[in-house]
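1. Dropping the sequence and predicted coords here.
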Amino acid sequence: MGFDSFLGNPHAVSLIRSMLAAGRLPGALLLAGPDGVGKKTLALMLARALNCQRRSDDFCGECGHCRKAEEMLAATREDLARRRQLKDSGRRAEGLVYFDLQLIEPITRYILTEQIRQLRNIAYTRPFEFRRRVLVVDQVQAVHWQAVDLLLKVLEEPPETTTLILVCPNAYELRPTIRSRCSQIQFVPVEDAVVAKLLEEEGRVDQARRAVAVRAAAGSIAKAKSFDPAEFERRRKPWLDFLDAVGRAGKPGEVDWRSLFDSTKALAEDRENFEETLRMGYSLLGDLLYVLETREPIQVTHVDLFPRLQAWATRLELRGIEELKNGLDEACRLQTRNVNQQLGLEALAIELLTRAG
């Protein structure tokens, strides 16, 4: 328990602990960096530490305030989940009540104006149970444009007994006036060694697949914890069959056409998760380009496929890889329309296969 349990970004943890120990924590913090590296987790840890009854630069997780903080966060998450399920969008922000520790997230695509209005109203009142009220705004870049000025007003006139912690992937998505009124802490992808150790300790991923899982996580603790080897293989298999076919560019007589058409069918059939399918395709495409340029496996995600990647890259060459990318870009552009993605993938494969070698 405490900050020692946080994985990765030691500079961010050290900076926060130093601020706490010196009693110089600013009224507004901005935590920015890639998704899945623990920004929100560290923000909530800080919220506990600001009110822990036993520690000054950390939190114990056992005192009355730490236990109460967990209750508040659980109630916050339940309330957000309930509001997101409401069919009447006009009622989603009705009756908002914020605790001394509050997590504020998008209810729809946006953090609504009423959510920020309630934040502003409560920020200037004294906390009911804690020493400080802590309001954590996750995905702050999603604050509705009509509410940005309300948030800025709070930052311009910081409350004495409230700490605001803003969390977002890219600080430059925010107005310069918001950035300038916050002390910013920048996060970076978590080191592969940390991710590998986590996977080893959890024991969900066997050793043979661990290297791929580490590369697929791409420095994200969240991705590492949610990595499902069976699901990863299921999503990847059709792409391997597809690449086995198109990797025979200029030699259509050698193609197993049934396998090719089965692969395009498998790639296109899950329409609801087609974005995930495309993401896997782009991942393999990135590896192909890297292998073509370097012939090394150092930064390859699908490191277990390195010999096949070399063969595909050699046969397709730069022109073929570029056409594959254009095909995926077109599929990505059309995914929201009622189009037959299978036909598009088949047309792309045939175009590559029938080009002269």
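-> Right, received. Where do you want to start? Numbers count the residues shown, from 1 in each chain.

2. Using CSV, write out every CA atom in stretch 152-171.
-> This file holds the C-alpha atoms of stretch 152-171, laid out as CSV (Å, rounded to 0.1, in the frame of the first residue of the first chain):
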residue,chain,number,x,y,z
LEU,A,152,-10.7,28.3,-16.0
LYS,A,153,-12.4,30.6,-13.5
VAL,A,154,-11.7,28.1,-10.7
LEU,A,155,-8.1,27.8,-11.7
GLU,A,156,-7.7,31.6,-11.8
GLU,A,157,-9.1,32.0,-8.3
PRO,A,158,-7.8,28.8,-6.6
PRO,A,159,-9.8,27.7,-3.5
GLU,A,160,-8.0,27.6,-0.2
THR,A,161,-9.2,24.1,0.9
THR,A,162,-9.6,22.4,-2.4
THR,A,163,-6.9,20.7,-4.6
LEU,A,164,-7.7,20.2,-8.3
ILE,A,165,-6.0,17.4,-10.2
LEU,A,166,-6.5,17.4,-14.0
VAL,A,167,-5.6,14.3,-16.0
CYS,A,168,-5.2,14.1,-19.8
PRO,A,169,-3.1,12.3,-22.4
ASN,A,170,-1.8,15.4,-24.1
ALA,A,171,-1.5,18.7,-22.3
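
3. Buried ones in the longest helix along the chain, by neighbour count?
-> In the chain, assigned by DSSP state H, the helix with the most residues is helix 306-334. By 16 or more other Cβ atoms under 10 Å, the buried positions in helix 306-334 come out as 308-313, 315-316, 320-321, 323-325, 327-328, 331. In this view, the C-beta of every residue, glycine as well, is placed from N, C-alpha and C.

4. all strands in the chain, in order from the N-terminus.
-> 28-32, 101-104, 133-138, 162-168, 183-186 (DSSP state E).

5. Pass me the low-pLDDT residue ranges in the stretch 251-357 of the chain, would you?
-> 251-253, 336, 338, 355-357 (pLDDT under 70).

6. ditto for the chain
-> 249-253, 336, 338, 355-357.

7. Pop the domain breakdown of it in here.
-> Each domain of the chain is listed here as a residue range: 3-186, 228-353, per automatic domain parsing.

8. Need the ones you listed in CSV (columns: distance to residue 217).
-> As requested, the domains of the chain are exported to CSV (distance: least, Cβ to Cβ, whole Å):
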stretch, distance to residue 217
domain 3-186, 8
domain 228-353, 10
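
9. OK, contacts around residue 179?
-> By Cβ atoms under 8 Å, 6 or more residues apart in numbering, the contact list for residue 179 reads 30, 171, 172.

10. Just the buried ones from these?
-> Buried members of these, counted by 16+ other Cβ under 10 Å: 30, 171.

11. Which member of the contacts of residue 179 is positioned nearest residue 65?
-> residue 30 (24.9 Å; Cβ to Cβ).

12. doesn't residue 185 make contact with the closest one?
-> Yes - between residue 30 and residue 185 there is a contact under Cβ atoms under 8 Å: 7.2 Å.

13. if I look at the nearest residue to residue 297 once chain neighbours are set aside, how far off is residue 236?
-> Excluding the flanking residues, the one nearest residue 297 by Cβ to Cβ, 6 or more residues apart in numbering is residue 306, at 4.6 Å. For residue 306, the distance to residue 236 (Cβ to Cβ, to the nearest Å) stands at 14 Å.

14. What of residue 78?
-> Residue 78 is 36 Å from residue 236, where distance means Cβ to Cβ.

15. When the two are compared, which one has more neighbours?
-> residue 236 (19 against 10; other Cβ atoms under 10 Å).

16. The closest residue in space to the more buried one that isn't next to it in sequence: neighbouring residues, count only.
-> If the residues on either side of it in the chain are set aside, residue 236 comes closest to residue 280, at 5.8 Å by Cβ to Cβ, 6+ apart. As a burial measure, residue 280 scores 19 neighbours (other Cβ under 10 Å).

17. tell me the contacts of residue 300?
-> With Cβ under 8 Å, 6+ apart, residue 300 has these contacts: 215, 287, 290, 291, 306, 309.

18. In TSV: these, plus distance to residue 257.
-> Listed next are the contacts of residue 300 as TSV, based on distance: Cβ to Cβ, whole Å:
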residue	distance to residue 257
215	32
287	25
290	29
291	26
306	27
309	23
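
19. Which of these sits closest to residue 25?
-> residue 215 (36.6 Å).

20. Contacts only, for the closest one.
-> 192, 300, 301, 302, 303.

21. Cool, thanks, talk later.
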